[in-house]
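# Would you be able to build a 3D model of this:
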Amino acid sequence: MSTNLKANPGFPGGSVVGFAPDDKRWPLFAFLGMSSHKQDILLGPRCSLTIVSKDFKGAADGPANLMGKATLLPQDEIEEAEAVYLKKHPAAFWVQFISDCNWLHMAIEDVRFVGGEIAWASSITAEEYIPTKPDPISEFGGHIIAAHMNNDHMESIIAMIAHQSPSLYVDEAIITSVDSSACTSRLHTG
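Numbers count the residues shown, from 1 in each chain. Presented below is the predicted three-dimensional model:
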């Protein structure tokens, strides 16, 4: 998460934070009162959250950057937010016992994507993002399908690429992700 820093006015600051998506897939956060992000957001709610895959190695792995405004949740929404957060992060049991736990919700205004070996970029609005659903294959595609294909069928991957791009000589091909619309591979050409 990146916020405008209270400690260094005019500069953005970022760090790795836990979050859980709500029913709109907008991020929920649990921060302690002393958290610099909470302090920053109280001064100005604009922030961004960069989301990467578990296997992230660089821009080619397609990070998404959610931009919006984070605000404290009203008291009557905290119990539901806590349940959503604990479902995603069961080890975060501390949120139930710390009286200084602050619950924030980020309303998304824009989403930017970067991906591919040439780092293409794209963006969509919050209105375009809200009705989308997570790809059902991407949940296990990168781990199960890609791992199986890479471990047991590299020759077949190379053959599929040769069929689609006959002029491209490939001596190694590794599937990096699989979803409903594509199979992304990293190639080594001799």
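
# where do the strands sit along the protein?
2-4, 12-14, 20-21, 27-32, 46-51, 64-72, 101-115, 120-125, 172-178, 183-188 (DSSP state E).

# right, and the ones you listed - which one's nearest residue 87?
strand 20-21 (7.2 Å; C-beta to C-beta). For glycine as for every other residue, the C-beta is placed from the backbone atoms N, C-alpha and C.

# Can you lay out the strands of the chain as CSV showing mean neighbour count?
Listed next are these as CSV, based on neighbours: other C-beta atoms under 10 Å:
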stretch, mean neighbour count
strand 2-4, 19
strand 12-14, 14
strand 20-21, 17
strand 27-32, 22
strand 46-51, 18
strand 64-72, 19
strand 101-115, 18
strand 120-125, 12
strand 172-178, 18
strand 183-188, 16
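
# want to throw those into JSON lines with distance to residue 151 and mean pLDDT?
Output for the strands of the chain, formatted as JSON lines (distance: least, C-beta to C-beta, whole Å; pLDDT from 0 to 100):
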{"stretch": "strand 2-4", "distance to residue 151": "37", "mean pLDDT": "91"}
{"stretch": "strand 12-14", "distance to residue 151": "35", "mean pLDDT": "89"}
{"stretch": "strand 20-21", "distance to residue 151": "31", "mean pLDDT": "92"}
{"stretch": "strand 27-32", "distance to residue 151": "34", "mean pLDDT": "93"}
{"stretch": "strand 46-51", "distance to residue 151": "27", "mean pLDDT": "92"}
{"stretch": "strand 64-72", "distance to residue 151": "28", "mean pLDDT": "92"}
{"stretch": "strand 101-115", "distance to residue 151": "24", "mean pLDDT": "89"}
{"stretch": "strand 120-125", "distance to residue 151": "29", "mean pLDDT": "82"}
{"stretch": "strand 172-178", "distance to residue 151": "10", "mean pLDDT": "85"}
{"stretch": "strand 183-188", "distance to residue 151": "14", "mean pLDDT": "82"}
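
# residue closest to the middle of this protein?
residue 51 (2.2 Å; C-alpha atoms, centre = their mean).

# doesn't residue 66 make contact with that residue?
Yes - contact between residue 51 and residue 66 holds when scored by C-beta atoms under 8 Å: they sit 6.8 Å apart.

# for the strands of the chain, which one sits closest to residue 85?
strand 20-21 (4.4 Å).

# helices and strands around that closest one, which ones?
strand 27-32, helix 78-88 (3 or more C-beta pairs under 8 Å, 6 or more residues apart in numbering; DSSP states H and E).

# Can you add distance to residue 154 and give these back as a markdown table?
Below are the helices and strands packed on strand 20-21 laid out as a markdown table (distance: least, C-beta to C-beta, whole Å):
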| stretch | distance to residue 154 |
| --- | --- |
| strand 27-32 | 37 |
| helix 78-88 | 34 |
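
# Which one of the ones you listed lies nearest to residue 42?
Here strand 27-32 is closest among those (C-beta to C-beta), at 10.5 Å.

# now for that closest one, which elements pack on it?
Secondary elements touching strand 27-32 (3+ C-beta pairs under 8 Å, 6+ apart): strand 20-21, helix 36-43, strand 64-72, helix 78-88, strand 101-115.
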